[in-house]
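1. Below are the sequence and a predicted model for it; my questions follow.
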Amino acid sequence: MPLVIAGERSGVGKTTVTLALLSFLSQHNKIVQSFKVGPDYIDPMFHQRVTGRFCRNLDPVLTSETYVQECFSRHSQGVDYALIEGVMGLFDGASGQDDFASTAHIARLLELPVLLVLDCSKLARSVAAIAHGYCSFDPRMKIAGVVLNRVGSDRHLELLKDALESLELPILGVLQRQDTITIPDRHLGLVPTAELTDLDTLIDQLAHIGKSCFDWERLFPLLTPSLLNPKIPNSFSPLPTPHSPLPIKIAVARDRAFSFYYQDNLDSLQQLGAELMFWSPLTDEALPEGVQGLYFGGGFPEVFAEQLAENIRVREVVRRAIFEGMPTYAECGGLMYLSETIIDFNDKSWSMVGLLPTTAIMEKRLTLGYRQAMSLQDSPLLPAGTTVWGHEFHRSQLTIMPEKPLFEIRGYDKGKVVTEGWRVHQLHASYVHLHWGGCSEIPAHFLKHCHNFNQKRNKSNKSIVSYFF
């Protein structure tokens, strides 16, 4: 059965262990499917780069428990190996008060064993107390074994093995301190794969670690998908009927500045009849021909603000398209791009599209967490009064907020209420990232607006032709 890679806390090396395992498996011409617990864009990019398959996010807050089971079941079919990378510490849930949406929660939902990664850099005999605690804390959990990470020497390893011997807990991997392997990071986590110039070398190094540092005789059976658990649903609910017999063309901004997309969102648009046309606000001078809607995901527009500002032509094209009523969805970085200005970490000011009368200023303070958002007005994405779950993760703040905000927002604890988001023309712009899994009404609503816009545009063009001829 597949395996869940968990950590005793954040920063213990879950991602390194996961990528080492994925790299080794993928270099043997095997079909490997990966998953990531929680709201994350960048780790899945690394998974995809290694396996050649889209990584899928498993998050019961953004979707539902049923969707997590369905998603895992669907994408585990027909693969040789499957692997899930956890989030934070094994039992750390969304609220901090229970383990809902934690790695442990996902492991229980899918009835899968856990491989626990332990940071041993400052431990000797105490490693046994930590391992024992994790094994006994929740009797519903099955700990298949441990990976000892950041082991300092052969003598250090002996001490760790002696301490763990009485627990009869398999040691399935041992990683020495790896000073030569580093994955660069910055203010929102790892640097995305598209910006790394020597990624192939890194993957080769990780594959070597995967080959030499793990007990594959014991691991292979744990990574092979078994027959489906009959308790887990294996099919999605049917999607709504597409609104147009012809493909609805959606221009999706995707480059180094805009790369935060859940693949499930893009899949749902295509399944509803959309044709996705990827383009770059950094380098393209125009939108793809014949588009009927725009989708700006999150990313790092602040890092590439100068290049975005220099592309004056496409900024004007985007501004005019939205002004003329083209349905547009902009999340976080997309919202920043549509503002008047971005002020970066060096206090330099860069002109953006200028559709929203506000400035995005980069700050040290990080805004993050799950959000319950209720739409206060109709938008191309949601009817007024709709409540959805999303998440925020950004270091920018807006200087001016709209008089009529898009969302009323509460945190996961349902406490303080704030308002946020812009609804201008047919634009839905917000800091809140949404995962459309299990909620096909959202992409269906967006495509309906795109279809209606296209019909109005065609009628307008016919009227102009009739007037002149």
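-> Cool, got the structure. Residues are numbered from 1 along each chain as shown.
2. Now do the contacts for Leu22.
-> 32, 34, 47, 50-51, 83, 210 (CB atoms under 8 Å, 6 or more residues apart in numbering). Placement of C-beta: from N, CA and C, glycine included.
3. Among those residues, name the ones in helices.
-> In this view, these that belong to helices under DSSP state H are 47, 50-51, 210.
4. now, which of the residues you listed sits nearest Asp284?
-> His47 (27.6 Å; CB to CB).
5. ok, the closest one touching Ile84?
-> No. Here His47 lies out of contact with Ile84, judged by CB atoms under 8 Å, at a distance of 10.3 Å.
6. Return the set of buried residues in stretch 335-347.
-> By neighbour count on 16 or more other CB atoms under 10 Å, the buried set for stretch 335-347 is 335-344.
7. Tabulate those (JSON lines), appending pLDDT, distance to Ser23 and secondary structure.
-> Below are these laid out as JSON lines (pLDDT from 0 to 100; distance: CB to CB, whole Å; DSSP: H, G, I helix; E, B strand; the rest coil):
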{"residue": "Leu335", "pLDDT": "98", "distance to Ser23": "35", "secondary structure": "helix"}
{"residue": "Met336", "pLDDT": "98", "distance to Ser23": "34", "secondary structure": "helix"}
{"residue": "Tyr337", "pLDDT": "98", "distance to Ser23": "34", "secondary structure": "helix"}
{"residue": "Leu338", "pLDDT": "98", "distance to Ser23": "38", "secondary structure": "helix"}
{"residue": "Ser339", "pLDDT": "98", "distance to Ser23": "39", "secondary structure": "strand"}
{"residue": "Glu340", "pLDDT": "98", "distance to Ser23": "44", "secondary structure": "strand"}
{"residue": "Thr341", "pLDDT": "98", "distance to Ser23": "41", "secondary structure": "strand"}
{"residue": "Ile342", "pLDDT": "98", "distance to Ser23": "36", "secondary structure": "strand"}
{"residue": "Ile343", "pLDDT": "98", "distance to Ser23": "39", "secondary structure": "strand"}
{"residue": "Asp344", "pLDDT": "96", "distance to Ser23": "34", "secondary structure": "coil"}
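8. okay, among those residues, which ones form the most distant pair?
-> Pairwise across the buried residues of stretch 335-347, and taking CB to CB, the largest span is found between Leu338 and Asp344, at 16.7 Å.
9. which neighbours do His47 and Ile84 share?
-> With CB under 8 Å, 6+ apart, His47 and Ile84 have common neighbours 34, 36.
10. show me the contacts for Cys439.
-> 63, 388.
11. Pull up the gap between it and Thr197, please.
-> Going from Cys439 to Thr197 by CB to CB, to the nearest Å gives 38 Å.
12. next one: Glu111
-> Taking CB to CB, one finds Glu111 at 42 Å from Thr197.
13. Settle it for me: which of those two has more neighbours?
-> Counting neighbours by other CB atoms under 10 Å for Glu111 and for Thr197 shows that Glu111 has the greater number, 13 against 6.
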